[in-house]
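Student: Pasting a predicted model and its sequence here:
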Protein chains: 2
Amino acid sequence: MGGSVKRLAVLGSTGSIGQQTLDVVRSFPDRFQVIGLAGGRNTELLVRQIEEFQPRLVSVSDGRLLGTGYKTSSLEELASHPEIDLVVIAISGMAGLSPTMAAIRAGKDIALATKEVLVAAGEIVTAEAKRCHAQILPIDSEPSAIWQCLHGEDRKIAKLILTASGGPFRHLSSHELKAVTPQQALEHPTWRMGKKVTIDSATLMNKGFEVIETHWLFDVPLEDIEIVIHPQSIVHSMVEFVDGSVKAQLSIPDMRLPIQYTLFYPERPLSKLPRLDFAKIDSLTFEVPNLEKFPCLKLALEAGRKGGTYPAVLSAADEVAVELFLEGHIGFLDIARVVEEALEQHQGISNPSLEEVLAADAWARERVRR
Amino acid sequence: MGGSVKRLAVLGSTGSIGQQTLDVVRSFPDRFQVIGLAGGRNTELLVRQIEEFQPRLVSVSDGRLLGTGYKTSSLEELASHPEIDLVVIAISGMAGLSPTMAAIRAGKDIALATKEVLVAAGEIVTAEAKRCHAQILPIDSEPSAIWQCLHGEDRKIAKLILTASGGPFRHLSSHELKAVTPQQALEHPTWRMGKKVTIDSATLMNKGFEVIETHWLFDVPLEDIEIVIHPQSIVHSMVEFVDGSVKAQLSIPDMRLPIQYTLFYPERPLSKLPRLDFAKIDSLTFEVPNLEKFPCLKLALEAGRKGGTYPAVLSAADEVAVELFLEGHIGFLDIARVVEEALEQHQGISNPSLEEVLAADAWARERVRR
């Protein structure tokens, strides 16, 4: 294989993206060294990962859960440790922000799966990354597709076209959507993902987040980012250039592919991941998203346009609303209602500081919980 | 607009690609200067083009046809003239070979639409281009798509995937194919092209030529080039990289887009060409080509694999066979039969010289005419 060894920290290693990141690392033992692992509540899995990858640094939400014999660090210590080249941020939700900032300030490159970080604090995070010469590399399949399509091109972009599977409820009526259960919402038709992002995919909030994330990642105006429903999840996103030519990135839906692209960037490794077979693809279809039936998408686009602290409120309100839905306290359509109320009641601040973003986030969480 | 002025020669200016090339030039009057025009039998159109673009050099198959007042040059003089930066080769068939070689030997970059040049003499032409530091830039939509997908990437290619519309007779039985008339074969479902290439598209010979052309253009083994039928002609071709990621280039089917890409390369101009609208795309479908129903494709792939003078015989025999079909002398399915017979009777030469290629070409023409 050859090539140098990249030293990784994987934050959120027991989550879906974290596990798939370690799958990729496992396939290329000569190319990566896991220096740090940070897990959440699934300590049983974290212990197994520690035994397999022998990281020097471990972080866990409650250190006592690991038992004795393990010395733990904070997420921020782990993310900024001098021996790490690339920090994978795969922690669900806003908890990813603080270690992201720590890593950036230490000049580390970031492989970012947690889109809430850029949704809530995109301007601050990207400005800090620029200042500290840290690259923010996307892990998510759609921004990864955009990134791949832009690779080697002048930035002469007419628009970015984000594809969306449309989630499991694309064909339901508003009436049927009302009765959707958490179990139904957790069954995503094409992607294997964590709970939060799977619900966000079902409401299309996830796609709204991606529009904001993509805007910050590639410095493209929000109005030049289009969403197209593509239920087969084969075309992961596209770029239309000023000359009228469109580039698309395709693969079978498997998160290990964009993860692998990011871990190896700028190289493409010879990989054993399953391949697209066009003889077996029936057809690729495209349709316009229905903003009336999926109001979360509309709310996200509005919050993105308003900017300031509104996207932080959007993200925080959604995070709590999804929890409430998963716990059975509110219905599926209530997620949008609850987020909308929070946005309506929020007094936005333009060009907020990090503290103001965090305050807006805390305000929204509190507001939705009440 | 800015940017420098590129000085062009357009060989085959009255043909379909030639006319569309001049359409592009017409849209960007500040960026191109037409130094040379070469037309065939349509002198009426050529005269209009001369009046509009005021080229310094003109070439025409029979100079007398232009009338007095025009001084004409040979194709080779035109292609190698010192004031020309880029030579567009859009002459139908093997007549493109000699001016291509002249341009290459003069160190000119070539915008190549005539695929027969690389089919018949790919090894010689690409070796000479390398020696003379001349770039061969494709104009055809499929190799242009491949070229765009490879742009900026390391050449870590798993395979190239050439799409084919499948032509107008995709759904006909072998029995129905037998009765196809030239009129029917000239009605291509998606592309506006010249007669020869339209018939070659209907037999799929064109796709076989493209496999060989693509092999030479991008130095990719024939066995790593796959063909997929894609009737909508939206995805113009794709590259699968070693990591499993696929890049595709898409647009509405309009030859002006790849022509424009080639004329402006490496820049993408802000263009008014019509755009893809994914809200209006019903579905993109893919299927495996039927080599039994379309034997020309099979013959082309076999000739490509055999190499040497076989592809020259393939190309020459096809050129005459298509003429005979258009003139009503032979049936649609006879095109393949006639080409197959020529290939069977040919005594192939490995690593042929240009003279040996031309001799094989002449032999095949003579053989098929008899």
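Tutor: That came in fine, so what should we check first?
Student: domain parsing for chain A?
Tutor: A:6-139, A:142-252+A:274-292, A:307-370 (automatic domain parsing).
Student: Just tell me which of these ends up closest to chain B.
Tutor: Between chain B and those, the shortest separation by C-beta to the nearest C-beta is 1.0 Å, and it involves domain A:142-252+A:274-292. Using the backbone N, CA and C atoms, a C-beta is placed for each residue, glycine as well.
Student: What residues sit buried inside the host helix or strand of A:A342?
Tutor: Using DSSP states H and E, the element containing A:A342 is helix A:334-345. Within helix A:334-345, the residues scored as buried using 16 or more other C-beta atoms under 10 Å in any protein chain shown are A:I335, A:A336, A:V338, A:V339, A:E340, A:A342, A:L343.
Student: any chance of those in TSV, plus distance to B:N351?
Tutor: Formatted as TSV, the entries for these read as follows, by distance: C-beta to C-beta, whole Å:
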residue	distance to B:N351
A:I335	69
A:A336	69
A:V338	74
A:V339	70
A:E340	73
A:A342	74
A:L343	72
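Student: And the furthest pair within the residues you listed?
Tutor: Using C-beta to C-beta, the buried residues of helix A:334-345 span at most 12.7 Å, a distance reached by A:I335 and A:L343.
Student: and the helix holding A:A342, what other elements does it pack with?
Tutor: Using 3 or more C-beta pairs under 8 Å, 6 or more residues apart in numbering or on different chains; DSSP states H and E as the contact definition, the elements that helix A:334-345 packs against are helix A:195-203, helix A:295-306, helix A:310-326, helix A:354-369.
Student: Which of those helices has the lowest mean pLDDT?
Tutor: Considering the helices and strands packed on helix A:334-345 one by one, the lowest average pLDDT is found for helix A:195-203, at a mean of 91.
Student: how about A:K159, secondary structure?
Tutor: Assigned by DSSP: H, G, I helix; E, B strand; the rest coil, the conformation of A:K159 is strand.
Student: Write down the beta-bridge partners of it, one by one.
Tutor: Beta-bridge pairing of A:K159 under DSSP bridges involves A:E240.
Student: tell me the pLDDT at it?
Tutor: You'll see A:K159 listed with a pLDDT of 97.
Student: count of residues packed around it?
Tutor: Neighbourhood size, A:K159 [other C-beta atoms under 10 Å in any protein chain shown]: 18.
Student: if I pick it, what's in contact with it?
Tutor: If a contact means C-beta atoms under 8 Å, 6 or more residues apart in numbering or on different chains, then A:K159 has A:V220, A:D224, A:I225, A:E226, A:V239, A:E240 as its contacts.
Student: Kindly check the end-to-end length of stretch A:70-86 for me.
Tutor: The stretch stretch A:70-86 measures 23 Å between its terminal residues, going by C-alpha to C-alpha, to the nearest Å.
Student: need the residues of the stretch 251-370 of chain A near chain B, please.
Tutor: Along the stretch 251-370 of chain A, the residues adjacent to chain B under the rule C-beta under 8 Å from any C-beta of the partner chain are A:251-252, A:257, A:260-261, A:264, A:267-271, A:273-276, A:278-279, A:281-288.
Student: out of these, which are inside helices?
Tutor: Secondary structure assignment (DSSP state H) places A:L257, A:Q260, A:Y261, A:F264 from those within helices.
Student: quick one: which of those residues is nearest to B:I136?
Tutor: A:Y261 (30.5 Å).
Student: Now do the contacts for the residue nearest to the closest one when sequence neighbours are not counted.
Tutor: Nearest residue to A:Y261 in three dimensions, chain neighbours excluded: A:S144, at 5.8 Å (C-beta to C-beta, 6 or more residues apart in numbering or on different chains). Listed by C-beta under 8 Å, 6+ apart, the contact partners of A:S144 are A:P138, A:H236, A:Q249, A:P258, A:Y261, A:T262.
Student: With respect to B:T309, which of these is nearest?
Tutor: The shortest gap between B:T309 and any of the contacts of A:S144 belongs to A:Q249, at 40.3 Å (C-beta to C-beta).
Student: Is there a neighbour count for that closest one? I'd like the number.
Tutor: 29.
Student: Is it located within a helix, as I assumed?
Tutor: No - secondary structure of A:Q249, determined by three-state DSSP: strand, with no helix assignment.
Student: That one touches A:S237, doesn't it?
Tutor: Yes - counting by C-beta atoms under 8 Å, A:S237 is a contact partner of A:Q249 at 6.6 Å.
Student: Pull up the overlap in contacts between these two.
Tutor: In terms of C-beta under 8 Å, 6+ apart, A:Q249 and A:S237 are both contacted by the residues A:A145, A:I146, A:C149.
Student: most surrounded residue in those?
Tutor: Greatest neighbour count in these, by other C-beta under 10 Å, goes to A:A145: 30 neighbours.
Student: For it, give me phi and psi.
Tutor: Reported as degrees, to the nearest 10, the phi and psi values for A:A145 are phi -60, psi -40.
Student: Just confirm it contacts A:Q249, I think it does.
Tutor: Yes - under the criterion of C-beta under 8 Å, A:A145 makes contact with A:Q249 at 3.7 Å.
Student: And the strands in chain A, which stretches?
Tutor: Secondary structure of chain A (DSSP state E): strands at A:6-11, A:32-39, A:57-60, A:86-89, A:109-112, A:136-138, A:157-164, A:225-229, A:235-241, A:246-250, A:283-285.
Student: helices or strands up against the first one?
Tutor: Translated: strand A:6-11. helix A:16-27, strand A:32-39, helix A:75-79, strand A:86-89.
Student: looking at the ones you listed, which is buried most?
Tutor: strand A:86-89 (a mean of 28; mean count of other C-beta atoms under 10 Å in any protein chain shown).
Student: picking that back up, which one among the buried residues of helix A:334-345 gets closest to A:I161?
Tutor: For the buried residues of helix A:334-345, the residue nearest A:I161 by C-beta to C-beta is A:A336; the value is 24.2 Å.
Student: thought that closest one was touching A:L297?
Tutor: No - here A:A336 does not reach A:L297: they are 9.1 Å apart, not a contact under C-beta under 8 Å.
Student: For those two, list the residues in contact with both.
Tutor: Here A:A336 and A:L297 have A:T203 as joint contacts, going by C-beta under 8 Å, 6+ apart.
Student: List the buried residues in stretch A:361-370.
Tutor: Judged by neighbour count (16+ other C-beta under 10 Å), stretch A:361-370 contains these buried residues: A:D361, A:W363, A:A364, A:R365, A:R367, A:V368.
Student: scratch that, stretch A:279-286
Tutor: Of the residues in stretch A:279-286, those scored as buried under the neighbour-count criterion (16+ other C-beta under 10 Å) are A:I281, A:L284, A:T285, A:F286.
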